[in-house]
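# Prediction below, plus the sequence it came from.
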Amino acid sequence: MTTSPRHQATVPDSTVDASDDATIVRRMLALCADGIDTHALHVALRAEGIDLGSIDGIAASTVCGRIQIDDPIAASNIAASVPDEERARLHRLLAHSIHATSIDMLDGARDEAIHLAAAGDRDRAIERVLDAAGTARTMGNGTRALELLDLSVSLADERGHDRHDLRERRARLATELDAPTAREAWLELVLLYDAHGDADDAARARYFLFWASGDEQDARSLLVECAHAAGTGAWATRAAALISILDERYEEAIEFDRVTLQLARSNGDRRLEALTLLGLAASLSMIGQMQRGMELQRQAIAIADEIDDYRASVLGQLNLVSMLVDDMRPARALEQADALLSWIARTGMRGWRAEALALRSTALAQLGRIDDALATADRARADIDVAPAYSRSLAYLQHAVTLAMAGGRRPRIEQLLDLALRDIDGTGSAYVTSESNEVRAALAADEGDLDGALELVRSIEITDDVKRRRVSLLVARLGAQHGRDDFLAYALELAGPDAARDLGVDPSNREVAATCRAGLDAAASLDVLRAVIDDWTRVGHLYNAARARLSLGALLARRDDRTARSTIDQARRELLEMGCHVAGGGDDDTEQADMATSALLFDLGRRDREDVLASFGVRRFEAGDALAGPDVEREPAAFVIRSGQVRLVAKAADGRRMTIDLLDAGDVVGESLALGHGADSLHAEAIGDVVVGVLTAPLLQ
């Protein structure tokens, strides 16, 4: 026997005058239909006291360390001719040799199990395969684990044993991996349990069939069927609770799940206990009991990890990150998201990585780390194609939210929102549509379509306290920044009478109350709004602190407060440092208000300011046009930006360019030259289309 990659014996097997040793060697090789590791074969031959030279007279080839007879038909004939007793003995010998020599324990367990089953020891064979499947799962190789579970089912079927437990284990793993075989696996179990009259088991199978059929039109009917199939059974009650959650009847869902939890614990069903706690956590958070909900999520995760239910664990961890984001705890959310991503890498649950990364990006954005947030959202794209449909939609949605917080381009954000809705069926579309409309309302307002923005937010169905809080905050900020009292009134209506007394970790309700009352002429509320900004800063919510400051500046401007412009500038500077593009407003009223609060005009009284604004000329610039700079020759004039953005650039002696600042509506370009203080030292360039009001030197003097 040689050690070359491929060894071909020179003498055909049919011409060899076989000795007893050669016959045993032929039989061993013939019983290994897919070949055998050469080391395992050598161990088996030594156990038989056979000289390795006996292999040289057999027409066999070695490829990648495995040896098998060249002629498959001849091998099949030899295998068929082996006496039963000898066949069993050789299979046991081969199984022992493979177990002793295998380097890859997964391949070794598979080959060993095949020989053990052929020797008649199918129970031991199945045990070896299940052990290997568990190891593969722990290694994060779910695909390999599923292949081994398929083998365990096949081995049981060959013996005529109806091992439903093996089928359930395979079906659960297929569901975890979002494998295309999951639905078929659960449907098979439904039929088997129905045939045996096992109502509770059939209800459990129908419950998981619903999850495996998430993209199917009949998914909801499967859940309803589960709820009615077993009457008051534990899994039927869990299905009824889930239906109530999908219908946003959370109080009803809590009552169902309380019963389910009692049944699960009395039956010792830890898997059902974990899933029920997940459902209770979701329902409690939706009715405002966020802290209790998060605690139950942690309990569910602990149980799921204890019983190695990876799917329940990852859902619990995703829900916990999402709840921390909704509860305005970005630092904790980021910490939990990083722990989840490590868990995903360890367990191989790659299908959920895109959603985890998208949630991480939102937490980073809330912390004011916009560049990191966008980079994280981009990383999610590498895994989005392997995510389950609903998780994929949530990943697209969170990416859009992050991009909108950063002030990204509307077409790209709209594209992401469309993708989020593309693959969602009726069970998830209401939530994604609602979240999308929040983003679209902010985009519409940024472009001056305030009536369209209000129509969008009014179309959002307020189903829980989290959504009420978030929508009212959005509407209040839009109302303050665009001077719309109808927005402020609607935000105050949404928030409810107790908003100002909310002293929780999340200051958003207090911001809504202070913003709306200050905008509706309760000047004392401005101090409350300043305190809210401090609260946002204290809890690390730098993005919301800057947005609240922007609202404060707009409210101060409505009162002709001299600190308005500096407040707005500070907010925009904070957002710019985070990596946000800050829109300058859209409609003419907003542009005029921004210009009126310009530092250049603020020292004028209201009447003088109105006279100056009325005499403005208008000029438009396109992307890349120079408005001012050492090399620009034009008549002395100051440009007050009405819409668009302008970049201030310093040029070094070696030609390098450095962006110093970004200017928005209300900012002034070229005032040094217009006021006779000499030429501008920085280059001012238009970013996209820019509209400016032109103030000539005589108007300024």
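That came through, no problem. Numbers count the residues shown, from 1 in each chain.

# could you say which helix or strand contains Ile67?
Ile67 is part of strand 66-69, with elements assigned from DSSP states H and E.

# what packs against the helix or strand that comes right after that strand?
Per DSSP H and E, the first helix or strand lying C-terminal to strand 66-69 is helix 72-81. Judged by 3 or more Cβ pairs under 8 Å, 6 or more residues apart in numbering; DSSP states H and E, helix 72-81 is in contact with helix 20-30, strand 66-69. (Glycine included, C-beta is placed from N, CA and C.)

# Show me what secondary structure element comes after helix 72-81.
Moving toward the C-terminus from helix 72-81, the next helix or strand (DSSP H and E) is helix 84-101.

# how about the helices of the stretch 151-300 of the chain, start to end?
All helices of the stretch 151-300 of the chain, identified by DSSP state H, counting those that start in this stretch, fall at 164-176, 182-196, 199-212, 219-229, 234-246, 250-267, 270-286, 290-306.

# quick check: mean pLDDT across the first one?
So that's helix 164-176. Across helix 164-176, pLDDT averages out at 91.

# For it, list every residue counted as buried.
164, 166-176 (16 or more other Cβ atoms under 10 Å).

# What is the nearest of those residues to Trp352?
Nearest to Trp352 out of the buried residues of helix 164-176 is Glu176 (Cβ to Cβ; 9.6 Å).

# looking at the chain, which helix or strand does the model trust least?
helix 588-596 (a mean of 44; mean pLDDT, DSSP states H and E).

# Would you tell me which of the helices of the stretch 151-300 of the chain gets closest to Leu682?
Once the helices of the stretch 151-300 of the chain are compared by Cβ to Cβ, helix 290-306 is nearest, at 48.3 Å.

# Next secondary structure element downstream of the closest one?
helix 310-326.

# Mind giving me the packing neighbours of the next helix or strand after that following helix?
Proceeding N to C from helix 310-326, the next assigned helix or strand is helix 330-347, under DSSP H and E. On a contact count with 3+ Cβ pairs under 8 Å, 6+ apart, helix 330-347 meets helix 310-326, helix 353-366.

# right, and those - which one's nearest Val694?
Across the helices and strands packed on helix 330-347, Val694 has its closest neighbour in helix 353-366 (37.1 Å, Cβ to Cβ).

# now the closest one: mean pLDDT?
For helix 353-366, mean pLDDT is 92.

# so what secondary structure elements neighbour that helix?
So helix 353-366, by 3+ Cβ pairs under 8 Å, 6+ apart, packs with helix 310-326, helix 330-347, helix 370-380, helix 389-405, helix 542-558.

# Could you tell me the least trusted of the helices of the stretch 151-300 of the chain?
Here the lowest mean pLDDT among the helices of the stretch 151-300 of the chain goes to helix 219-229, at a mean of 77.

# re earlier: of all the buried residues of helix 164-176, which two lie farthest apart?
Distances among the buried residues of helix 164-176 were taken as Cβ to Cβ; the most separated pair is His164 and Glu176, at 18.5 Å.

# quick one on the thing from earlier: can I get the helices and strands packed on helix 353-366 in TSV including distance to Val632 and mean pLDDT?
Below are the helices and strands packed on helix 353-366 laid out as TSV (distance: least, Cβ to Cβ, whole Å; pLDDT from 0 to 100):
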stretch	distance to Val632	mean pLDDT
helix 310-326	46	93
helix 330-347	43	93
helix 370-380	31	87
helix 389-405	34	87
helix 542-558	31	90
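
# Including distance to Gln645 and mean neighbour count, could those go into CSV?
Shown next, in CSV, are the helices and strands packed on helix 353-366 (distance: least, Cβ to Cβ, whole Å; neighbours: other Cβ atoms under 10 Å):
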stretch, distance to Gln645, mean neighbour count
helix 310-326, 29, 24
helix 330-347, 27, 19
helix 370-380, 16, 20
helix 389-405, 17, 25
helix 542-558, 16, 24
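
# Adding distance to Ser266, write those out as CSV.
Output for those, formatted as CSV (distance: least, Cβ to Cβ, whole Å):
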stretch, distance to Ser266
helix 310-326, 20
helix 330-347, 30
helix 370-380, 42
helix 389-405, 32
helix 542-558, 46
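
# Determine which of those helices approaches Asp247 most closely.
helix 389-405 (16.8 Å).

# Which secondary structure elements does that closest one sit against?
helix 353-366, helix 370-380, helix 410-422, helix 426-446.

# quick revisit: closest to Val539 out of the helices of the stretch 151-300 of the chain?
Once these are compared by Cβ to Cβ, helix 290-306 is nearest, at 14.5 Å.

# can you redo the helices of the stretch 151-300 of the chain as CSV with distance to Ala442?
CSV is the format used below for those (distance: least, Cβ to Cβ, whole Å):
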stretch, distance to Ala442
helix 164-176, 36
helix 182-196, 38
helix 199-212, 33
helix 219-229, 32
helix 234-246, 28
helix 250-267, 27
helix 270-286, 23
helix 290-306, 24
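
# Could you work out which of the ones you listed reaches nearest to Ala380?
Nearest of those (Cβ to Cβ): helix 164-176, 19.8 Å.

# Remind me what the closest one packs against, helices and strands.
Here helix 164-176 touches helix 122-138, helix 142-159, helix 182-196, helix 199-212, helix 310-326, going by 3+ Cβ pairs under 8 Å, 6+ apart.

# rewinding a little: ok, and what's touching the strand holding Ile67?
Residues from elsewhere that reach strand 66-69, judged by Cβ atoms under 8 Å, 6 or more residues apart in numbering: 13, 26, 29-30, 32, 34-38, 41, 55, 58-61, 75, 78.

# and it, which strands flank it?
strand 36-37 (antiparallel), strand 60-63 (antiparallel) (DSSP bridges).

# What's the separation between the residue nearest the centre of the chain and Pro388?
Residue closest to the average C-alpha location in the chain (Cα atoms, centre = their mean): Glu355, at 0.8 Å. Glu355 is 9 Å from Pro388, where distance means Cβ to Cβ, to the nearest Å.

# same check, this time on Arg573
Remark: distance between Arg573 and Pro388 (Cβ to Cβ) = 42 Å.

# So for the two, which sits in the more crowded spot?
Pro388 (19 against 15; other Cβ atoms under 10 Å).

# what are the ranges of the helices in the stretch 601-701 of the chain?
Assigned by DSSP H, counting those that start in this stretch, the helices in the stretch 601-701 of the chain fall at 606-614, 671-674, 697-700.

# Please produce JSON lines containing the helices and strands packed on helix 164-176, extended by distance to Ala253.
Below are these laid out as JSON lines (distance: least, Cβ to Cβ, whole Å):
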{"stretch": "helix 122-138", "distance to Ala253": "31"}
{"stretch": "helix 142-159", "distance to Ala253": "31"}
{"stretch": "helix 182-196", "distance to Ala253": "23"}
{"stretch": "helix 199-212", "distance to Ala253": "15"}
{"stretch": "helix 310-326", "distance to Ala253": "15"}
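
# With just CA atoms, put stretch 309-324 into PDB.
The C-alpha coordinates for stretch 309-324 follow below in PDB (Å, rounded to 0.1, in the frame of the first residue of the first chain):
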ATOM      1  CA  ASP A 309     -33.200  26.400  22.800                       C
ATOM      2  CA  TYR A 310     -31.300  28.700  20.500                       C
ATOM      3  CA  ARG A 311     -34.300  30.100  18.800                       C
ATOM      4  CA  ALA A 312     -36.000  31.200  22.000                       C
ATOM      5  CA  SER A 313     -32.800  32.600  23.300                       C
ATOM      6  CA  VAL A 314     -32.000  34.700  20.200                       C
ATOM      7  CA  LEU A 315     -35.600  36.000  20.100                       C
ATOM      8  CA  GLY A 316     -35.400  37.000  23.700                       C
ATOM      9  CA  GLN A 317     -32.100  38.700  23.300                       C
ATOM     10  CA  LEU A 318     -33.300  40.600  20.200                       C
ATOM     11  CA  ASN A 319     -36.400  41.700  22.100                       C
ATOM     12  CA  LEU A 320     -34.300  42.800  25.000                       C
ATOM     13  CA  VAL A 321     -32.100  45.000  22.800                       C
ATOM     14  CA  SER A 322     -35.200  46.500  21.100                       C
ATOM     15  CA  MET A 323     -36.800  47.200  24.500                       C
ATOM     16  CA  LEU A 324     -33.700  49.000  25.700                       C
END
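
# With that, I have no additional questions.
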